[in-house]
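S.K.: Need coordinates for the below:
(2 chains)
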Amino acid sequence: MPVFYREIATLMIESLNLEVTTDEIALDAPLYGEGLGLDSIDVLEVALVVSKRYGLQLRADSVDNQHIFSSLRHLADHIAAQRTK
Amino acid sequence: MNTSNTHWTRTPERSNMLMLRIMTWISLRLGRRAGRVVLHGIAGYFLLFSASGRRASRAYLNRVLSRPANWLDMYHHFYSFASTIHDRIYLVNQQFDLFDIEIQGQELLHDAIDAGAGVFLMGAHFGSFEVIRAIGRQVPGLRVSMAMHEDNAAKINAMLAAINPAAVTDIIGLGYIDAMLKVSERLDEGAVVGMLADRTLGEDIMLPVDFLGSIAYFPVGPFRMAALLRRPVVFMTGVYLGDNRYRISFEPLVDFTCIATGQRGAVVNAAVTRYAALIAQHCCQTPYNWFNFFDFWQVPVATAHVKS
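M.R.: Okay, here's the model as predicted:
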């Protein structure tokens, strides 16, 4: 897995205390519901941690949210493209 | 359909909506007095024909009254429920002068609003939450966004549109990530976000808590969210006292503003436990305000996670 994807996976595991390793998070599996099994509050937590660490705002009115949180790959790609720090 | 074990999220609310339409029509045309006469008929109808509602009412009243509940108790319970639904029609139409409303602890809300950082207002299906509409004059700057289950949000919006299309209510349907971010943005603007935290949103972690004599399962989600967003939480009830009287009370529940991340789980569980204790206290004081007409003590469905 490329380094940045691994970094985001680690970030999620640490902030949510997930009992999986980075290798167990499939790049294209859904984060929400089935797949990794996060609920909406977990996803909110990830959004807060991501905005703090990488300086990008995830906004409620963004039409892309569904896409961004659909998988680790999409989330990491979005962060890489939008990060300010 | 097995009504005895049907979880509330799957119970059709068709009968409630029908009841509401009939009542809105009568109430706005004939006035509150006449409407209340009809309520007796409606309460009687539900008492006779809603076996599941009757079973739930009896099971609850047996606990809280510490004696076997009789038909008169159950009738009182149904009538009290019908009254609050009926009064919602007037509250949504801003006819506040019809009511005698006592308010306790509003300084808690004042302080939170003055601080400008947003506050959660947690209520329950107990009495009337809608009665908060009446206190805009006492609490300047009060803006309440209600956060609730997506399906209920759609129903409530339909209901409000039926009662008074001009009633502006900001409802956030909880579901996907956007809703949670919206809650967060509202709080940043200094708004009050109201939630009824006694029913699960469906996918929630449930915490077993001793409630009126035995274990009931309370959803942890609303408090997890409040803790994550680091906001104070105020408990609110709008208790119906009979006739045209209500008593709104605000009580401190928990302040998540400064918790360390490592302690979050424990602090959240303590908050849920305190929330349940506050409701139990109100149940003992004004028992006929409990409006969860299903088996509240049932073990959660398999999809929910029970916290050990």
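S.K.: residue ranges with poor pLDDT in chain A?
M.R.: By pLDDT under 70, chain A has no low-scoring segment.
S.K.: ok, which residues in it are in contact with chain B?
M.R.: Within chain A, the positions lying close to chain B (CB under 8 Å from any CB of the partner chain) are A:32-33, A:39-41, A:43-45, A:47-48, A:58-62, A:65-66, A:69. Yep, even glycine has a C-beta here, placed from its N, CA and C like the rest.
S.K.: Buried members of those into PyMOL, please.
M.R.: Of these, the buried ones go into a single PyMOL selection, burial set by 16 or more other CB atoms under 10 Å in any protein chain shown:
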select buried, chain A and resi 32+39+40+41+43+44+45+47+48+58+60+65+69
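S.K.: Next step: the residues of chain A next to chain B restricted to helices.
M.R.: Of the positions in the residues of chain A next to chain B, A:40-41, A:43-45, A:47-48, A:65-66 sit in helices, assigned by DSSP state H.
S.K.: from those, which is closest to chain B?
M.R.: Here the nearest of those to chain B, counting by CB to the nearest CB, is residue A:44; it sits at 3.8 Å.
S.K.: Touching, residue B:216 and residue B:297? I think so.
M.R.: Yes - Residue B:216 sits in contact with residue B:297 when judged by CB atoms under 8 Å, with a separation of 4.8 Å.
S.K.: Quick check on these two: which one has the bigger neighbour count.
M.R.: Ranked by neighbour count (other CB atoms under 10 Å in any protein chain shown), residue B:216 and residue B:297 place residue B:216 first, with 22 against 16.
S.K.: quick one: buried residues of the helix or strand containing the more buried one?
M.R.: Under the assignment given by DSSP states H and E, the secondary-structure element containing residue B:216 is strand B:214-219. Residues of strand B:214-219 classed as buried: B:216-219 (neighbour count, 16+ other CB under 10 Å).
S.K.: just those residues now: which is nearest chain A?
M.R.: Proximity to chain A was ranked across the buried residues of strand B:214-219 by CB to the nearest CB; first place goes to residue B:219, at 10.9 Å.
S.K.: just checking, that closest one touches residue B:206?
M.R.: Yes - between residue B:219 and residue B:206 there is a contact under CB under 8 Å: 5.9 Å.
S.K.: can you list residues touching both of the two?
M.R.: residue B:200 (CB atoms under 8 Å, 6 or more residues apart in numbering or on different chains).
S.K.: picking up where we left off before, what's in contact with whatever helix or strand comes next after the strand holding residue B:216?
M.R.: For strand B:214-219, the succeeding helix or strand toward the C-terminus, using DSSP H and E, is helix B:221-228. With contact meaning CB under 8 Å, 6+ apart, helix B:221-228 is reached by A:39, A:41, A:44-45, A:48, B:120, B:122, B:180, B:183, B:195, B:197, B:200-201, B:204-205, B:233, B:254, B:256, B:259, B:264, B:267-268, B:271-272, B:275.
S.K.: one more time with 7 Å, if that's ok
M.R.: Outside of helix B:221-228, the residues within contact range by CB atoms under 7 Å, 6 or more residues apart in numbering or on different chains are A:41, A:44-45, A:48, B:120, B:122, B:183, B:195, B:197, B:201, B:204-205, B:233, B:256, B:259, B:264, B:267-268, B:271-272.
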